[in-house]
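Asker: dropping the sequence and predicted coords here.
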Amino acid sequence: MNLDIERSRKIDYFRKFDYVLMGTVLLICSIGLIFLKSAMYYAYKDHGAVAMKIQVIGLVLGIVLALIICGLDYSFFRNISFAFFLFNLGLMLLVFVPRIGIESGGSISWINLGFTTYQPSELMKLAMIIVTAKYLEVIQEEGYRIEYVIVILGNLMLPLGLVMLQKDFGTALVFCFIFIVMLVAGKVSWKYIFRLCLLGGAALPFIWKFYFNGVKRARFLAFLDPDKYADSYAMQLVRALQAIGSGGLTGQGIGKGAMNSSGRIPVRLSDMIFAVVCEEGGFIAGMLIVVLMTVLLAKMLHVAIKARDVFGTCIAAGIFAMFFFTIFENLGMNVGIMPITGLPLPFVSKGGSAMIANFIAIGFILSISMRKRKGTFFS
């Protein structure tokens, strides 16, 4: 009854809007554009003019979509969750169609749109989060039923299987981490979570033998022993560490990074953009990114805790997990504490589709925050 009353009341959007959250995201984006422009300048013949326009368009569209979504009651998406899921599943299947799907970095994860590319798995993460949240709420209300369990597991396994077929192991790990965190947020019994983790652990030897072959296995071995593979599979890590170390406290200056300007930082527009930030902006710029990302994650976690219902809690927890794993993995692989998986740094790395998807996720967090349990409707 109270929730129905809450939903019927008008919201003072300007007063309830989470300015700290949105401001943090925009500050990260601003810093990202500065260093991304520097990296693009030396990566393209046109000095990144076209690529930067696409990045800015993605940023503007993302902001608009985030504001639209935050104005909607997030419970609206409970009713269209399956349609959203099936739509994104169809897009993920398109990557396997010749001349439509594009291979990059060993993964077939992108759709060719002519003027740019689109990675369907970005929005698929959100689709999985919404469907999972919906059924975790149903389970809390009605108890465990086999049909609900099948839907939740299928909701993970379908996109996970497609991502594995696309040879994108980094994104597969993101899906798995999101799912486990959402089970915890949805108060699923620890014995079921433990059994699921055991099942996943049992699959690891088969993944190592049949999936981790060739380059993937070599890259993982290079992570364990980078000195041995310094001139081959560990070169990306070694050069990233060199760039980060050469930046010192204040950096070499925007556009003046020796390794960035000479093209000696591999994949510097996406995987290793943090190395560019540290080379040209130094320890100060690098720590600023880390602090801002930490603030962003803390705000997301707070929203998940204060959400008015299970559905909102699980969506916010899933989005928190998505960003946490991606941020930790990207920063970790730049400094050598995580293996290189190709995951970009949110709001900083190049990628218009990723930018839009990330802002859509922020829109959900803002929507949940504006309708949170404490200090919103009863204050």
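Answerer: Thanks, I have the structure now. Predicted model only: the values in this text are computed from it and were never measured.

Asker: now stretch 163-174: how far from the chain's centre is it?
Answerer: On the basis of C-alpha atoms, centre = their mean, to the nearest Å, stretch 163-174 sits 13 Å off its chain's mean C-alpha point.

Asker: outside of it, which residues touch it?
Answerer: 92, 95-96, 106-109, 121, 125, 160, 175, 211-212, 216, 322, 325-326, 329, 341-343 (C-beta atoms under 8 Å, 6 or more residues apart in numbering). (Glycine included, C-beta is placed from N, CA and C.)

Asker: mind checking which of those are in helices?
Answerer: Cross-referencing these against helices under DSSP state H gives 92, 121, 125, 160, 175, 216, 322, 325-326, 329.

Asker: how about residue 77, secondary structure?
Answerer: Here residue 77 is recorded as helix under DSSP: H, G, I helix; E, B strand; the rest coil.

Asker: leaving out sequence neighbours, find the closest residue to it.
Answerer: Leaving aside its sequence neighbours, residue 77 sits nearest to residue 130 (C-beta to C-beta, 6 or more residues apart in numbering; 5.4 Å).

Asker: pLDDT of the strand or helix carrying that neighbour, averaged?
Answerer: Secondary structure from DSSP states H and E places residue 130 in helix 121-142. In this model, helix 121-142 has an average pLDDT of 95.

Asker: ditto for stretch 349-365
Answerer: Averaging pLDDT residue by residue across stretch 349-365 gives 95.

Asker: with just CA atoms, put that stretch into PDB.
Answerer: Extracted in PDB, the C-alpha atoms of stretch 349-365 (Å, rounded to 0.1, in the frame of the first residue of the first chain):
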ATOM      1  CA  SER A 349      38.000   4.400 -23.100                       C
ATOM      2  CA  LYS A 350      37.000   4.900 -26.700                       C
ATOM      3  CA  GLY A 351      33.600   3.400 -27.600                       C
ATOM      4  CA  GLY A 352      30.400   5.200 -28.400                       C
ATOM      5  CA  SER A 353      28.100   2.200 -27.800                       C
ATOM      6  CA  ALA A 354      29.800   1.500 -24.400                       C
ATOM      7  CA  MET A 355      29.300   5.200 -23.500                       C
ATOM      8  CA  ILE A 356      25.600   5.100 -24.300                       C
ATOM      9  CA  ALA A 357      25.100   1.800 -22.500                       C
ATOM     10  CA  ASN A 358      26.900   3.100 -19.400                       C
ATOM     11  CA  PHE A 359      24.800   6.200 -19.300                       C
ATOM     12  CA  ILE A 360      21.600   4.100 -19.600                       C
ATOM     13  CA  ALA A 361      22.800   2.200 -16.600                       C
ATOM     14  CA  ILE A 362      23.400   5.500 -14.800                       C
ATOM     15  CA  GLY A 363      19.800   6.500 -15.700                       C
ATOM     16  CA  PHE A 364      18.500   3.400 -13.900                       C
ATOM     17  CA  ILE A 365      20.600   4.200 -10.800                       C
END
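
Asker: still on that earlier bit, okay, the ones in helices among the contacts of stretch 163-174 in a markdown table with neighbour count next?
Answerer: Formatted as a markdown table, the ones in helices among the contacts of stretch 163-174 follow (neighbours: other C-beta atoms under 10 Å):
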| residue | neighbour count |
| --- | --- |
| 92 | 25 |
| 121 | 26 |
| 125 | 23 |
| 160 | 19 |
| 175 | 25 |
| 216 | 18 |
| 322 | 25 |
| 325 | 19 |
| 326 | 25 |
| 329 | 23 |
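
Asker: buried stuff in stretch 145-164?
Answerer: 148, 151-152, 155-156, 158-160, 162-163 (16 or more other C-beta atoms under 10 Å).

Asker: quick check: longest strand of the protein.
Answerer: Scanning the chain for the longest strand, with DSSP state E as the assignment, gives strand 107-112.

Asker: ok, it: who's next to it in the sheet?
Answerer: If you go by DSSP bridges, strand 107-112 pairs up with strand 101-104 (antiparallel), strand 117-118 (antiparallel).

Asker: among the ones you listed, which comes closest to residue 31?
Answerer: With C-beta to C-beta as the criterion, residue 31 lies closest to strand 117-118 of the strands paired with strand 107-112, at 24.4 Å.

Asker: give me the mean pLDDT for the closest one.
Answerer: For strand 117-118, mean pLDDT rounds to 86.

Asker: sorry, back to before: quick check, nearest of the buried residues of stretch 145-164 to residue 44?
Answerer: Closest to residue 44 out of the buried residues of stretch 145-164 is residue 163 (28.9 Å), distances taken as C-beta to C-beta.

Asker: next, the closest one: phi, psi?
Answerer: Main-chain dihedrals, residue 163, degrees, to the nearest 10: phi -60, psi -40.

Asker: residues contacting residue 184?
Answerer: 193, 317.
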